[in-house]
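*Asks:* quick one, what's the 3D model for this:
(one chain, ligands or ions: 1)
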Amino acid sequence: MNKRIVVVAGDGIGPDVCNEAIKVMERTAGKFGHRFTFEKHLFGGCSIDAYGVPLTDETLDACKRSDSVLLGAVGGPKWDGVEPSRRPEKGLLALRKGLGLFCNLRPAHIYPELKAASPLKDSIIADGLDIMIVRELTGGIYFGKRGSEGDYAFDTMEYHDGEIKRIVRKGFEIAMARGKRLCSVDKANVLATSRKWRGIVEETGKEFPEVQVSHLYVDNASMQLVRNPSQFDVIVTCNMFGDILSDEASQITGSIGMLPSASLGSGSLGMYEPIHGSAPDIAGKDIANPLATILSGAMMLRYSFGMAQEADAIEKAVATVLEKGYRTPDIMETGMQQVGTKEMGDLVAQEV
Ligand code: NAD
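*Replies:* Below you'll find the predicted structure:
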C-alpha cells in the first residue's frame with residue numbers, strides 16, 4: 001500500500017522524536033512491501049515564528065489531504081507571551097477540529113521491564129496493566145457555553161445524541177478488537193448528560209452482545225484506577241472525565257516518554273502523537289525518549305491503515321529493545337545500557 005503521511009513535528013523535542021518514528025515506519029514499510037511518503041509542515045511555535053499563526057491554512061489543507069498525520073509536540077517558553085488566540089495550543093485545537101477528530105485513544109500499558117517506574121506497589125500491578133481510554137474530544141464542558149461576570153462564572157456540559165453515539169460506538173469497536181470488556185465512566189447520579197450517555201451505552205451494547213459492559217461513576221473510576229487497574233480493558237468516557245482519567249492512567253505507567261495517543265474521526269484519517277509536551281529542557285540534546293512517538297506510529301498503522309501485523313512488529317520491536325536492556329536517560333536504571341534518541345530509533349528499526 002502507498003500512504004502519504006504529513007508530519008507536523010512542532011517545537012522542542014518534537015522534531016527529535018518524529019525523526020525516529022519516521023525511521024522506524026520507513027523500515028516497517030520496507031519490510032512489509034509498503035511505500036510511505038512523509039511530508040513535513042511547520043506547526044505550533046515554529047509556525048508562529050515563520051507565519052505569525054500556529055496553524056496555517058496550507059498546513060491544515062495538507063493534513064486534510066493526507067492519509068494520516070504524525071504530530072510531535074508544540075509550545076515552549078519562547079511563545080508563552082504570545083496573545084492567547086494565537087498560542088501554539090490553539091493550533092492544536094484548530095487542527096483537531098479542522099480534521100473532525102472526535103475520538104481520543106490513550107493506551108496505558110506497563111512493560112514488565114519498566115514496572116519499577118510505576119508509583120504503584122508491585123502487588124497492585126502484578127497482573128500487568130493494559131488499558132485503552134477512549135475519550136470524547138470535541139464536545140462536553142470544554143466546548144459548552146461559558147461566561148463570567150463579577151462574582152459569577154459558569155461553564156456548561158452539553159451533549160447531543162449523535163456526539164455520544166459515535167464515540168460510544170468507537171468504544172465498542174475497540175473493545176471488540178481487544179479484551180471485549182467496556183467500562184463506561186459517567187456521573188449519572190448527578191448529571192443529565194451522563195444519564196443520556198448511559199442510556200446510549202446500554203442501547204448500543206445490544207449490537208455488541210460479545211462485549212461485557214459495566215458502568216462506573218467517575219469518582220469511583222479514579223479510585224479503581226489506582227486500587228485495581230488490571231480490572232480495566234477499555235474505558236469510554238466524555239471529554240473532561242477522559243482528560244483527567246487518561247492523565248491518571250499515564251502516571252501509573254510511570255514514564256511519560258513511553259505513551260502514545262491517537263485522535264480519530266469518522267473516516268480513516270487520524271492524528272497520532274506522544275502524550276508528552278515539547279520538553280524544551282532537553283530539546284536537541286539527543287536524550288529525549290522517542291518510544292512514545294514510535295508507538296504512535298504503530299497506532300497509525302493499526303487504526304488508520306488497518307495494518308495490524310505491521311503495528312505488532314513495531315510494538316514487539318520496542319518490547320524487545322527494552323528486554324535487551326537499552327534505555328534512554330528518562331527510564332534509565334542501574335545495570336542497563338544508556339542510549340540516546342537516535343540510537344534508540346536505530347535499535348527499534350533494526351529489531352523491526
Ligand atoms: P513536557 O511533557 O514537555 O515535559 C515534562 C517533563 O517530562 C520534562 O522534564 C521533560 O524533559 C520530560 N519529558 C517529556 N517528554 C519526554 C521524552 N520524550 N523523553 C524524556 N523526557 C521527557 O511538559 P511541560 O514541561 O509541562 O510542557 C513543555 C511545553 O510543552 C509547554 O509549552 C507545554 O504547553 C507544551 N505541551 C505540549 C503538548 C502537545 O503538544 N500536545 C502537550 C503538553 C505540553
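*Asks:* surely residue 144 meets residue 156?
*Replies:* Yes. Contact criterion C-beta atoms under 8 Å: residue 144 and residue 156 qualify, at 3.4 Å. Every C-beta, even on glycine, is put in place using the N, C-alpha and C of the backbone.
*Asks:* count of residues packed around residue 128?
*Replies:* Using other C-beta atoms under 10 Å, residue 128 has 12 neighbouring residues.
*Asks:* number of nearby residues for the residue lying closest to it once chain neighbours are set aside?
*Replies:* Using C-beta to C-beta, 6 or more residues apart in numbering and skipping residues adjacent in sequence, the residue nearest residue 128 is residue 110, 6.0 Å away. Neighbourhood size, residue 110 [other C-beta under 10 Å]: 22.
*Asks:* same question for residue 49.
*Replies:* 12.
*Asks:* can you tell me the centre-most residue of this protein?
*Replies:* Taking C-alpha atoms, centre = their mean as the criterion, residue 261 is the residue nearest the geometric centre of the chain, at 1.5 Å.
*Asks:* and it, that one's in a strand?
*Replies:* Yes. Counting by DSSP: H, G, I helix; E, B strand; the rest coil, residue 261 is part of a strand.
*Asks:* for it, what are its contacts?
*Replies:* 104-107, 272-275, 296, 299 (C-beta atoms under 8 Å, 6 or more residues apart in numbering).
*Asks:* quick revisit: if you count what's nearby, which of residue 144 and residue 156 comes out ahead?
*Replies:* Per other C-beta under 10 Å, whichever of residue 144 and residue 156 has more neighbours is residue 144, with 15 against 12.
*Asks:* and that one, what pLDDT?
*Replies:* Per-residue pLDDT puts residue 144 at 91.
*Asks:* now it: how far from residue 98?
*Replies:* 20 Å (C-beta to C-beta, to the nearest Å).
*Asks:* what's the answer for residue 39, then?
*Replies:* 17 Å.
*Asks:* and residue 285, that's in a strand?
*Replies:* No. Counting by three-state DSSP, residue 285 falls outside a strand, being coil.
*Asks:* show me the contacts for the residue of the stretch 251-352 of the chain found nearest the ligand.
*Replies:* Nearest residue of the stretch 251-352 of the chain to the ligand (C-beta to the nearest ligand atom) works out as residue 277 at 2.4 Å. For residue 277, the contacting residues are 12, 73, 75, by C-beta under 8 Å, 6+ apart.
*Asks:* and what of residue 237?
*Replies:* Contacts of residue 237 (C-beta under 8 Å, 6+ apart): 133-136, 184-186, 218, 221, 245.
*Asks:* now with 10 Å, please.
*Replies:* Residue 237 is in contact with 133-136, 140, 167-168, 171, 183-187, 194, 197, 216, 218, 221, 243-246, counting by C-beta atoms under 10 Å, 6 or more residues apart in numbering.
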